[in-house]
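Asker: pasted the sequence and its predicted model underneath.
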Amino acid sequence: MAADLPASQPSPAPPAKLPPGFILDKDGKPCRSCNSKASFSQWAQQTKSSLKSGVGAATGAATMTAAAATTTTNQPDNDCPPDVEALGRSTWTLLHTIAANYPKSPSYKEQSDLKTFMGVFSRLYPCWVCAEDFQRYIEKEQIRVDSRNDFGTWLCEAHNAVNTKLGKPVFDCSKWEERWRTGWKDGRRKTQQKDPDSSLGGSANGAEDADDGCGQWMSVSWTDMVNLAKMPHEDIRTTNLIKPVDVSEYLFTRLRQIGIRSIHGLPGDFNLVALDYIPKVGLEWVGNANELNAAYAADGYARVKGMGAIVTTFGVGELSAVNGLAGAYSEMVPVVHIVGCPSTVSQRSGMLLHHTLGNGDFNVFAGISASISCAVAKLNDPAEIAAQIDHTLRECYLRTRPVYIMLPTDMATKKIEGERLDTEIDLHEPANDEAKENYVVDVVLKYLHAAQRPVVLVDACAIRSRVLDEVHAFIDKTRIPVFVTPMGKSAIDETHPCYGGVYAGSASHPEIKSAVEDSDLVLSIGSLKSDFNTAGFSYRLSQLNSIDFHTDYCVVRYSEYPGCKMRGVLQKITERVDTNQLKVQPPPQHFATPEDEQGSADGPIKQEWFWPRISKFFREGDIIVSETGTANFGIWETKFPANVTALNQTLWGSIGWAVGACQGAALAAKDTGGNRRTILFEGDGSIQLTAQEIGTMIKHNLDVIIFVICNDGYTIERFIHGMDATYNDVPTWQYRDLGTVFGGSPSTVKSYAVHTPAELETLLADEEFAVNFHGLRLVELYMGREDAPRSLKMTAEVSAKTNAKQDA
């Protein structure tokens, strides 16, 4: 401090100007392992005047005398610490030698050991810049360990990525074994294949200099260098910013730019400062009852709004959200998971902090989330944070899966360059290779024009890949009959004259089953052939008669065309199809009606009657959420008005998901504007897992109708196994009272109970219930314990047989 200096001493020198590309450690001091000796020597020489004025002229003179003597030494000392280049050369030699000695056909344990080693190595490498660069590479390009050649080639590609950054020649990876294992075939070193001898992960200077010994590193004494390090420096990563902005503000501004308006999650001590920025950028904080519910809600929000976001705290918070985010990954839902974590200083020090495993490993939870995220960003380096955020959000949108962003407490308020915010993130899907696309289109049109009974089958991935406009344009032009799968329900306007119904293999209605399976050409768009989506893998479709359009590839009969995305192909097929050559059959017109299973008006409500009947209650624009179990199968029997959005979780199937998803979906509808109702069909068992989100619905005044199917327990489990088993029973709740329990009032919550068809008819005809009241309406809907939709019974039977199968 200047006040502590003797009067005769000059004031401390101004911050030292750093040489171009000079790397500081994270504590602001020079990084020995991140710079070459030449660069370090240049820094020391530039600091000479600062040393004289800040440390003292006498010390400076003595030091510079020593420096002059030292720099005349031309021979290297073998025992001096390595600079970034020496360290890089030695490290690459070690890694390539490990690859050369890796088994040709490694065991599972050997593969696991190598993956673990590479992960630990990437965190312990001395040069922090290099280490983080390598970590990002590993996250982007997964380590290949299935064989010696896989790992050796992957390592060579990783090495070349570094060389490219440093402007150095790349190595021919087809020759990696000759260089590192077998030796050159002609016995000579291939000098034209220059060995990469750079740092591991991107030293900015990348200078090639001779090894001139420790003198190059230390043209001042180590004591004086420590004194120099204590002096103020100009951090090139955070100076000369054109439009400075705090990291948290940058992140949340980007979320708003891509369409998010509300942030789900819970506060925790590692994310509190970041949360302060949410209202500053025009976003709303939701505040959920727990992290699992918040993840479910962000999932539901994303399915309606396009993307969702959740904020949790390190360890205890983020792990509670993992199930919900795994479901979003499974079902291809884009959710941004932001985790507030301990500061970078605490992480480097390995401090024994709360919410940790007590072992100093601050990356273990990120590792868990990496398997259920399409991208992981650890915001540790201010120079790269903006680019990391933009890349991660783009991956989330284009790959329609969750991403994980780790935000340390000391980075939340760090200044970074905000000029990028003037340009929104490019979310456009890359175009197909034109020649390949044209070839695929020609092949498809050849089969389409020749088909006698073509049909279109639309599934979940058509929704996730955002190609429904392209699908409708194709149907409008060709008039080909179109069907949906259970997961594809609402993908097609069900009032369209070409709509034929839900195809689910053997659980389909006979007319629908025949129309699809007797077709000589099935155009399958975005298929996801999971067990419950196919009624126990009961499809009877021949690949010889199928053309499959997927997010990033197409399959025509048995020929696959990777990298040919369906959007461009569908657009071009629609443009070029000759409708005069098409042979089109009308779709089947059978849809179940309430009268088919009406029964007594004063008797019990039957599943086969309820679902066709509730169809008449739906109106245009509704959001309809069905829970795993009875509701997911019953919803097959409904017919939707136009512009309905249906949400289900048929693949992941986590009971309780629908309550949180309903809250998120209803909030997304509110954020979008308009007058959309959100209708939830929930089981009496499932609701007990996540009922707290009813409180969130009330808090945000969401327009929601909840039908709780009260049938005394876990119905689908009963039909799979244990019809009378006590483990399929649930406690009896007074569901109609939940609105009051969670803070509702007569002006915000209405509750009802219906036991018979007559009571239900009266309720559905009530204008206040159906139209006029805006808030939460909660209906106890009583049904028989052993009653279930036909499709559920059939699928459960197949599932039970599958579970019972044993190896021969």
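Answerer: Looks like it came in fine. Numbers count the residues shown, from 1 in each chain.

Asker: neighbours around Ser506, how many?
Answerer: Ser506 has 17 neighbours, counted by other CB atoms under 10 Å. Glycine gets a C-beta too; all of them are placed from N, C-alpha and C.

Asker: that one: what's it in contact with?
Answerer: Counting by CB atoms under 8 Å, 6 or more residues apart in numbering, Ser506 makes contact with 513, 535-536, 538, 540, 794.

Asker: return a ChimeraX selection command for the buried portion of those.
Answerer: Typed into ChimeraX, the next command selects the buried ones out of these (criterion: 16 or more other CB atoms under 10 Å):
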select :513,535,536,538,794
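
Asker: other residues contacting stretch 731-743?
Answerer: Outside stretch 731-743, the residues that touch it by CB under 8 Å, 6+ apart are 684, 687-688, 691-692, 694-695, 698-699, 708, 710, 712, 748-753, 776, 778, 780.

Asker: which ones among those residues are found in strands?
Answerer: Using DSSP state E, 708, 710, 749-753, 776, 778, 780 are the members of those that sit in strands.

Asker: per-domain residue ranges of this structure.
Answerer: 2-80+213-230, 84-182, 244-422, 434-581, 594-796 (automatic domain parsing).

Asker: neighbours around Ala328, how many?
Answerer: Per other CB under 10 Å, the neighbour tally for Ala328 reads 32.

Asker: and it, what pLDDT?
Answerer: In this prediction, Ala328 carries a pLDDT score of 98.

Asker: residue boundaries of the strands in the stretch 301-450 of the chain?
Answerer: 308-313, 335-341, 375-378, 403-408, 415-417 (DSSP state E, counting those that start in this stretch).

Asker: need these in CSV with mean neighbour count and mean pLDDT, can you?
Answerer: Below are the strands of the stretch 301-450 of the chain laid out as CSV (neighbours: other CB atoms under 10 Å; pLDDT from 0 to 100):
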stretch, mean neighbour count, mean pLDDT
strand 308-313, 29, 99
strand 335-341, 28, 99
strand 375-378, 24, 96
strand 403-408, 26, 98
strand 415-417, 21, 95
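
Asker: start and end of stretch 94-106, how far apart?
Answerer: Chord length of stretch 94-106, first to last residue, is 19 Å (CA to CA, to the nearest Å).

Asker: for stretch 445-454, same thing?
Answerer: So stretch 445-454: terminal residues 12 Å apart, CA to CA.

Asker: residues in contact with that stretch: which ones?
Answerer: Stretch 445-454 is contacted by residues 480, 518-523, 547, 556-557, 573, 576-578, 581-585 when judged by CB under 8 Å, 6+ apart.

Asker: redo the strands of the stretch 301-450 of the chain as JSON lines? Include distance to Asp83.
Answerer: Below are the strands of the stretch 301-450 of the chain laid out as JSON lines (distance: least, CB to CB, whole Å):
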{"stretch": "strand 308-313", "distance to Asp83": "39"}
{"stretch": "strand 335-341", "distance to Asp83": "32"}
{"stretch": "strand 375-378", "distance to Asp83": "26"}
{"stretch": "strand 403-408", "distance to Asp83": "28"}
{"stretch": "strand 415-417", "distance to Asp83": "29"}
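
Asker: quick one, which of those is nearest to Asp476?
Answerer: Closest approach to Asp476 among the strands of the stretch 301-450 of the chain (CB to CB): strand 308-313, 30.9 Å.

Asker: quick check: angle from the closest one to strand 403-408?
Answerer: Put simply, strand 308-313 runs at 40 degrees to strand 403-408, going by axes from the mean of the first three to the mean of the last three CA atoms, to 10 degrees.

Asker: angle of strand 308-313 against strand 335-341?
Answerer: 20 degrees.

Asker: so the closest residue to Pro103 other than its chain neighbours, which state does it fall into?
Answerer: Nearest non-adjacent residue to Pro103, counting by CB to CB, 6 or more residues apart in numbering: Glu110, 5.9 Å away. Three-state assignment for Glu110 (DSSP: H, G, I helix; E, B strand; the rest coil): helix.

Asker: as JSON lines, the ones in strands among the contacts of stretch 731-743 with pLDDT, neighbour count and distance to Ile623 would be great.
Answerer: Formatted as JSON lines, the ones in strands among the contacts of stretch 731-743 follow (pLDDT from 0 to 100; neighbours: other CB atoms under 10 Å; distance: CB to CB, whole Å):
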{"residue": "Val708", "pLDDT": "98", "neighbour count": "24", "distance to Ile623": "18"}
{"residue": "Cys710", "pLDDT": "96", "neighbour count": "22", "distance to Ile623": "23"}
{"residue": "Val749", "pLDDT": "97", "neighbour count": "23", "distance to Ile623": "19"}
{"residue": "Lys750", "pLDDT": "97", "neighbour count": "19", "distance to Ile623": "19"}
{"residue": "Ser751", "pLDDT": "97", "neighbour count": "19", "distance to Ile623": "21"}
{"residue": "Tyr752", "pLDDT": "97", "neighbour count": "18", "distance to Ile623": "20"}
{"residue": "Ala753", "pLDDT": "97", "neighbour count": "16", "distance to Ile623": "24"}
{"residue": "Leu776", "pLDDT": "97", "neighbour count": "23", "distance to Ile623": "15"}
{"residue": "Leu778", "pLDDT": "98", "neighbour count": "25", "distance to Ile623": "17"}
{"residue": "Glu780", "pLDDT": "97", "neighbour count": "19", "distance to Ile623": "22"}
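
Asker: looking at the contacts of stretch 445-454, which are in helices?
Answerer: Cross-referencing those against helices under DSSP state H gives 573, 576.

Asker: confidence-wise, which helix or strand of this structure is lowest on average?
Answerer: The weakest-scoring helix or strand in the chain, judged by mean pLDDT, DSSP states H and E, is helix 214-217 (a mean of 36).

Asker: and of the strands of the stretch 301-450 of the chain, who's closest to Gly265?
Answerer: Counting by CB to CB, Gly265 lies closest to strand 308-313 out of these; the figure is 3.6 Å.

Asker: how much space between Cys461 and Arg399?
Answerer: 12 Å (CB to CB, to the nearest Å).

Asker: next helix or strand past whatever helix or strand Val162 lives in?
Answerer: Assigned by DSSP states H and E, Val162 belongs to helix 148-166. Per DSSP H and E, the first helix or strand lying C-terminal to helix 148-166 is helix 176-177.

Asker: which other helices and strands contact that next one?
Answerer: Packing partners of helix 176-177 (3 or more CB pairs under 8 Å, 6 or more residues apart in numbering; DSSP states H and E): helix 84-100, helix 148-166.

Asker: kindly provide the whole-number mean pLDDT of stretch 675-683.
Answerer: The pLDDT scores in stretch 675-683 average 96.

Asker: run through who's touching that stretch.
Answerer: With contact meaning CB under 8 Å, 6+ apart, stretch 675-683 is reached by 618-619, 621-627, 629-631, 634-635, 655, 658-659, 662, 665-666, 669, 702-709, 711, 714-715.

Asker: from memory Leu357 sits against Gly367, does it?
Answerer: No: Leu357 is beyond contact range of Gly367, at 11.7 Å (criterion: CB atoms under 8 Å).

Asker: mind listing the strands for the stretch 151-300 of the chain?
Answerer: Along the stretch 151-300 of the chain, counting by DSSP E, counting those that start in this stretch, strands occupy 244-246, 262-265, 284-285.

Asker: quick one: closest of those strands to Arg148.
Answerer: Closest among the strands of the stretch 151-300 of the chain, using CB to CB: strand 262-265, at 44.7 Å.

Asker: give the pairing partners of that closest one; include direction for each.
Answerer: Here strand 262-265 has these sheet partners by DSSP bridges: strand 284-285 (parallel), strand 308-313 (parallel).

Asker: low-confidence ranges in this structure?
Answerer: Scanning the chain with the threshold set as pLDDT under 70 gives 1-22, 25-29, 32-33, 35-37, 40, 46-79, 186-238, 590-599, 806-808.

Asker: centroid-nearest residue for it?
Answerer: In the chain, the residue lying closest to the centroid (CA atoms, centre = their mean) is Pro402, at 1.6 Å.
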